[in-house]
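Student: need a 3D model of the following:
(2 chains)
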Amino acid sequence: MDLKHQNRLFIVLVVASNTVGNLLLAIGLARLPDFSLDAPLRYPEAFLSSGWILGGIALMTLWMLAQLSMYTWADLTYVLPVTASAYIFTAILGRLVLHEAVSPLRWVGVVIISLGVLLVAETPLQTQISPESGGQP
Amino acid sequence: MNWVWVFVTVIAGTVGDLLNAKGMVVHGEIEDFGLRGLKKIVRHIFTERLVILGMIADALSFVGLLVLLATTDLAFAVPVTALSTVLKTGLARWYLDEDVTWRRWAGAILVAAGIVLISL
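Tutor: Numbers count the residues shown, from 1 in each chain, chains lettered A, B, ... in the order given. Model (predicted):
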């Protein structure tokens, strides 16, 4: 697989694992019982036996490993804005799955993030300036 | 007191990502996505000093964010994380020798502004 396709695949992997991981954690945390001093072990037991939360943690671990892997071929200032598209999908999934209200201002935020992602996605993956090049990338 | 946690969240998050990126560049571009290559990258992540320090800093930033979420409004806590996006962009030129062009700056500022709007 060439670097261009590998990079696209990892962007999808980072964004999807972050978005779905956050969604599973939100669903799992909302279903946990309230913490009570009368039964202090009930909360951690419910936490550790929740499939939603364990699935969310597994996906967030995958997200971390995939994002760290991207740093081996792409700049930090490329990876961070491009993978910020996770915020867009989190807003969309929050609306569709959790039926959260998304105000017009939040949709403006989604459009602005999309513009930022598009701007950076057009830049080269790696621009590190080597000392031999006299400061030129 | 909240400003102490804002400082912790922003600075630890920024330092964490800068150290992670620097530590992963040392590995070089991943070319082998087979089992051997995956073992190599996981071993690198858990043995490279810069990445370990980066993950500790990220964990500290996460704790700071949780404290802010517990003590302030979401509309205050989340824009704080947007601040670090801009700070990371500024420091990447110096610490990682990245060529931060106007497109990268504009992208980072638009993303940060969008995060602020989403959290309102």
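Student: what about stretch A:41-51, average pLDDT?
Tutor: Stretch A:41-51 carries an average pLDDT of 86.
Student: how about it and chain B, touching?
Tutor: No - on the criterion Cβ under 8 Å from any Cβ of the partner chain, stretch A:41-51 is out of touch with chain B, staying 14.6 Å away. Just so you know, the C-beta spots here come from the backbone N, C-alpha and C atoms, and that holds for glycine as well.
Student: could you pull out the buried residues of that stretch?
Tutor: A:Phe47, A:Ser50 (16 or more other Cβ atoms under 10 Å in any protein chain shown).
Student: stretch B:9-27 now?
Tutor: For stretch B:9-27, by 16+ other Cβ under 10 Å, it's B:9-25, B:27.
Student: and the contacts of that stretch?
Tutor: Applying Cβ atoms under 8 Å, 6 or more residues apart in numbering or on different chains, the contact partners of stretch B:9-27 are A:68-69, A:71-72, A:75-76, A:79-80, A:128, B:41, B:44-45, B:48-51, B:53-61, B:64-65, B:68, B:80-81, B:83-84, B:87-88, B:91-92, B:95-96.
Student: let's go with 6 Å and repeat that
Tutor: By Cβ atoms under 6 Å, 6 or more residues apart in numbering or on different chains, the residues outside stretch B:9-27 that reach it are A:68, A:71-72, A:76, B:44, B:48, B:50-51, B:53-54, B:57-58, B:60-61, B:64-65, B:80, B:83-84, B:87-88, B:91, B:95-96.
Student: now do the helices in chain A.
Tutor: Taking DSSP state H, the helices of chain A run over residues A:3-30, A:42-48, A:51-70, A:76-83, A:85-96, A:104-121.
Student: ugh, typo on my part, it should be chain B
Tutor: B:2-25, B:35-47, B:49-71, B:74-95, B:102-119.
Student: report the central residue of the chain.
Tutor: No chain specified, so I'll use chain A. Nearest to the geometric centre of chain A sits A:Asn18, at 3.1 Å (Cα atoms, centre = their mean).
Student: think we crossed wires, I meant chain B
Tutor: The structure's chain B has its C-alpha centroid closest to B:Asp17; by Cα atoms, centre = their mean the separation is 3.4 Å.
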